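1. Could you work out the structure for the sequence below:
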Amino acid sequence: MAEVIIVPDAAAAGALVADEIASLIAADPEVVLGLATGSTPLPVYEALRPRLEGVDVSRVRGFALDEYVGIDPQHPESYRNVIRREVVEPLGLTPERIHTPNGALETIEHAGDDYERAIAAAGGVELQILGIGTDGHIGFNEPGSSFASSTRVKTLTEQTKRDNARFFDSIDQVPTHCITQGLGTILHARHLVLLAFGEGKAQAVAGAVEGPVTASVPGSAIQLHPRVSVVVDEAAASRLRFADYYRYTWENKPAWQGL
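-> Model (predicted):
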């Protein structure tokens with residue numbers, strides 16, 4: 001069973017996860033982090049900033065979950081740019097050590113394999129930050145994705161395009177294809193941290209944590225991983241049947257275990 005931590009709000013979640021990441025960097029200055037984009041992980045990155053003041057983060061390595069296919073890398077909503085703007089520059093990371101999948105059309109046929117090799121060469125991801133879509137997707141692994149999938153090109157659902165249209169001038173500007181780490185790739189990370197906030201994510205969280213393990217809810221793949229922390233606010237936890245138990249176990253967790 002995943003560890004479910006119910007917190008008052010997104011800021012509390014960000015502080016909790018930031019403490020864990022800061023500890024990882026202190027223990028291993030070359031730690032490999034799995035980075036997610038979108039609004040969900042922003043409280044983590046914001047909370048990390050003061051925790052890393054005076055810390056040498058020049059050797060920290062990172063791999064983003066996904067990228068749009070065919071988008072201009074200089075487009076403000078390319079994930080390369082988003083990661084630079086929201087993570088690399090605020091935290092003072094070394095840009096050359098933070099990677100995103102290559103969505104260029106010229107090399108897209110082998111871009112997934114290239115990314116898999118890069119992750120393996122870095123020694124694998126220590127902690128992978130995840131959000132979850134309203135349809136249960138993690139990364140851009142839409143419903144129906146194989147649990148054994150590696151980094152590859154996927155077609156976004158209309159729902160995902162609608163969800164992401166807020167970052168563009170219109171839904172017509174949201175690319176139809178993406179390149180994303182597969183569920184199998186994600187499951188190779190040593191620690192998964194899934195964040196979700198708000199009532200709109202409650203059904204997806206319940207399906208991922210307590211529902212059947214099914215490709216219809218890609219987030220349910222986390223149930224197959226030996227170390228998962230699901231950090232949610234009260235609204236996102238509102239459909240969890242065992243919420244009281246999760247609160248009880250967190251309150252009684254030994255301090256030495258950490259996140």
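2. how about residue 16, what does it touch?
-> The contact partners of residue 16, by Cβ atoms under 8 Å, 6 or more residues apart in numbering, come to 5, 7, 231, 259. From N, CA and C alone the C-beta is placed, and that goes for glycine too.
3. name the element it belongs to?
-> Assessed by DSSP states H and E, residue 16 sits inside helix 10-27.
4. What average pLDDT does that helix get?
-> Helix 10-27 shows a mean pLDDT of 98.
5. follow-up on the earlier one: quick one: the contacts of residue 16 as TSV, columns for pLDDT, distance to residue 191 and secondary structure too.
-> What follows is the contacts of residue 16, written out as TSV (pLDDT from 0 to 100; distance: Cβ to Cβ, whole Å; DSSP: H, G, I helix; E, B strand; the rest coil):
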residue	pLDDT	distance to residue 191	secondary structure
5	98	13	strand
7	98	18	strand
231	98	12	strand
259	88	8	coil
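6. could the residues you listed be laid out in JSON lines, adding distance to residue 238 and neighbour count?
-> Listed next are those as JSON lines, based on distance: Cβ to Cβ, whole Å; neighbours: other Cβ atoms under 10 Å:
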{"residue": "5", "distance to residue 238": "15", "neighbour count": "21"}
{"residue": "7", "distance to residue 238": "14", "neighbour count": "21"}
{"residue": "231", "distance to residue 238": "15", "neighbour count": "26"}
{"residue": "259", "distance to residue 238": "23", "neighbour count": "18"}
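7. ok, back up a step: buried sites along the helix holding residue 16?
-> Within helix 10-27, the residues scored as buried using 16 or more other Cβ atoms under 10 Å are 10, 12-18, 20-22, 24-25.
8. For residue 85, state which of these is nearest.
-> Of all the buried residues of helix 10-27, residue 14 has the smallest distance to residue 85: 17.4 Å, by Cβ to Cβ.
9. ok, residue 80 - contacts?
-> 64, 67, 73, 100.
10. Likewise for residue 155?
-> By Cβ under 8 Å, 6+ apart, the neighbours of residue 155 are 142, 176-177.
11. all helices for this structure, in order.
-> 10-27, 42-51, 79-83, 89-91, 108-121, 158-164, 183-187, 202-210, 243-251 (DSSP state H).
12. Which helix or strand in the protein has the lowest average pLDDT?
-> helix 158-164 (a mean of 87; mean pLDDT, DSSP states H and E).
13. Which residues in it does the neighbour count mark as buried?
-> In helix 158-164, counting by 16+ other Cβ under 10 Å, buried: 160-161, 163-164.
14. And for stretch 26-43?
-> 31-38, 40-43.
15. What ranges does the stretch 51-200 of the chain have for its strands?
-> 61-64, 66-68, 98-99, 127-130, 152-155, 177-180, 191-196 (DSSP state E, counting those that start in this stretch).
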